[in-house]
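Asks: coordinates for the following, if possible.
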Amino acid sequence: MKSGKKWLLWGLSMFLFLLLVPLTVHAVRAETVTYEYHGERYRDQEVYVEGDYKYVVLGNEAFLYRYTGTAPTIATPTSFGGKPVTVIMWEAFANNSAIQTVTVNAGVREIYERAFKNCSGLQAVLISASVETIGEEAFRSCAGLKSVTFQKGSVLKTIGKYCFANDTSLLRFSIPEKVESIGNACFFDDISLESITIPDLIQELPTEYRYARNDNAGASEDYVGCFECCQSLAEVKFGSGLKKIGYDCFAGCALPALTIPNSVETIDNGAFSNNKMMREVRIGNSVATIGASAFSHCDALETLTFGDAVKSIGDHCFRYDVSLKTINWNRRIESAGAFAFSGCTALEKVTLPASLTNASGAMFYCCTALKSVDTGNGAAALGTEYAYARNANWGSSEDYMGFFGGDPR
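Replies: Numbering: from 1, shown residues only. The predicted structure follows:
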């Protein structure tokens, strides 16, 4: 009898042991993966499964590796196997069309590249204050994404390139105040974006250089601006620390008026081109150089005021601004590039500043309404643009475009 009780007790003990063991060890090992983290390469790391999640372990931390479920509402787990979740790895939720809302819970430090890319059903994201870095393309091509909210006290510092690009439903975005840098083309082609707030710590709005080519059409380069093709963007709140606005940064937006803050020193090529709603531009007092085509094809632009520091205007800078009527020059502008105001067909009167001593060819070419020109004491060299030389069956010929000439065609 005693022997029977002994075996019964042993059996119960083993049952309890087997029941409790799964709760005290890692979930089932599923596979291995090789990845890089902060410049270090980790080979053949074990991947564990817990419910709909896969994760890896590094030291005392767990990294969320993959989500395989289809729940519409997701709150990222705070721990796996007793270890805190600190990183959401590359493509962890990518291409999951079922997810509609995501809460990135406290404790997560980094959201890696493409973590939520192409989650077409995703509509709202809440990101905890603990997140410091959001990687490249992390939320790219989330076509249904309308709102991204950062918890109060956010310590976010870096947003990677193309991070929120092609999010065609995103309406408004306020970048947290501690962010120091945003990547190239960060909000490219967000066609519904209406408002953006840029914090004081950001010094540059950079540009993505895509390619250079040399074909039958000639050499060309292609850039993608931070907010390029945000065709609904009508409000930009610039931070006080901004110094540089990159190539094509706000090209194709809908800004109704623009005042460049006095902190800005450089406006690069194409920065505000093709803003069809812009009626007035005021350049801040620290901008020395305005790049080529920076404000070209701004069809509604009527009034332009240069800040005190502007010395150089790039080629084609205000070309085809067909409503431009008033130019308020400063007394320091020294040079203007070819075709700088070409095609400004509403411009009737021009008074050039005495400081302008190097005016390139065709500066006011095809300004067909121009009736009065005062070159002042300067404007010593009103250049002529050399268009092309050709040698056809009828012999050699050359073509030049005059400073104020009209289109001979």
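Asks: which stretches of this protein have low pLDDT?
Replies: 1-28, 30, 209-222, 376-409 (pLDDT under 70).
Asks: ok, longest strand in it?
Replies: strand 40-50 (DSSP state E).
Asks: I'd like to know which elements that strand is packed against.
Replies: strand 29-37, strand 53-58 (3 or more Cβ pairs under 8 Å, 6 or more residues apart in numbering; DSSP states H and E). From N, CA and C alone the C-beta is placed, and that goes for glycine too.
Asks: may I see the buried residues of the last one?
Replies: Residues of strand 53-58 classed as buried by neighbour count (16 or more other Cβ atoms under 10 Å): 53, 54, 55, 56, 57.
Asks: picking that back up, kindly reformat the helices and strands packed on strand 40-50 as TSV containing distance to residue 127.
Replies: As requested, the helices and strands packed on strand 40-50 are arranged in TSV below (distance: least, Cβ to Cβ, whole Å):
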stretch	distance to residue 127
strand 29-37	20
strand 53-58	19
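Asks: re the thing from before, name the residues of the longest strand of the chain that are buried.
Replies: In strand 40-50, counting by 16+ other Cβ under 10 Å, buried: 45, 47, 48, 49.
Asks: likewise stretch 104-112?
Replies: Neighbour count says stretch 104-112 has 104, 105, 107, 108, 109, 110, 111, 112 buried, by 16+ other Cβ under 10 Å.
Asks: kindly report the same for stretch 274-283.
Replies: Quick answer for stretch 274-283 (16+ other Cβ under 10 Å): 274, 275, 277, 278, 281, 282, 283.
Asks: was I right about the last one contacting residue 307?
Replies: Spelled out, it's residue 283. Yes: using Cβ atoms under 8 Å, residue 283 is in contact with residue 307, at 4.2 Å.
Asks: okay, and the common contacts of the two?
Replies: residue 260 (Cβ atoms under 8 Å, 6 or more residues apart in numbering).
Asks: which stretches of the chain form helices?
Replies: 2-20 (DSSP state H).
Asks: quick one, domains of it?
Replies: 160-170+179-254, 255-409 (automatic domain parsing).
Asks: got those as JSON lines, with distance to residue 29 columns?
Replies: Output for those, formatted as JSON lines (distance: least, Cβ to Cβ, whole Å):
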{"stretch": "domain 160-170+179-254", "distance to residue 29": "31"}
{"stretch": "domain 255-409", "distance to residue 29": "51"}
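Asks: tell me the contacts of the nearest residue to residue 350 once chain neighbours are set aside?
Replies: Computed as Cβ to Cβ, 6 or more residues apart in numbering, the closest residue to residue 350 that is not its neighbour in sequence is residue 373, at 5.0 Å. Residues in contact with residue 373 (Cβ under 8 Å, 6+ apart) are 349, 350, 351, 352, 364, 404.
Asks: so which of those is the most crowded?
Replies: In terms of neighbour count, residue 364 stands highest of the contacts of residue 373 at 23 neighbours, by other Cβ atoms under 10 Å.
Asks: what's the spacing between that one and residue 148?
Replies: 45 Å (Cβ to Cβ, to the nearest Å).
Asks: cool, residue 168 as well?
Replies: 14 Å.
Asks: who's more crowded, these two?
Replies: residue 148 (21 against 15).
Asks: isn't that one up against residue 139?
Replies: Yes: using Cβ under 8 Å, residue 148 is in contact with residue 139, at 7.3 Å.
Asks: got any residues that touch both of those two?
Replies: Residues touching both residue 148 and residue 139 (Cβ under 8 Å, 6+ apart) are 125, 164.
Asks: just to revisit the earlier point, pick the one among the buried residues of stretch 274-283 closest to residue 339.
Replies: residue 274 (16.2 Å; Cβ to Cβ).
Asks: surely the closest one touches residue 297?
Replies: Yes: in terms of Cβ under 8 Å, residue 274 counts as a neighbour of residue 297; the distance is 4.8 Å.
Asks: okay, now residue 61: neighbour count?
Replies: Other residues close to residue 61 by other Cβ under 10 Å number 17.
Asks: ok, and the closest non-adjacent residue to it?
Replies: residue 86 is the one closest to residue 61 (Cβ to Cβ, 6+ apart), at 4.6 Å.
Asks: residues near the one you found, how many?
Replies: For residue 86, the count of nearby residues is 18 (other Cβ under 10 Å).
Asks: and if you look at the one 4 residues further on?
Replies: Close neighbours of residue 90, defined as other Cβ under 10 Å, add up to 20.
Asks: kindly indicate which of the buried residues of stretch 104-112 lies nearest residue 321.
Replies: Nearest member of the buried residues of stretch 104-112 to residue 321, counting by Cβ to Cβ, is residue 111, at 41.3 Å.
Asks: how close does that closest one sit to residue 259?
Replies: Taking Cβ to Cβ, one finds residue 111 at 34 Å from residue 259.
Asks: give me the number of residues near residue 135?
Replies: With other Cβ under 10 Å as criterion, residue 135 counts 21.
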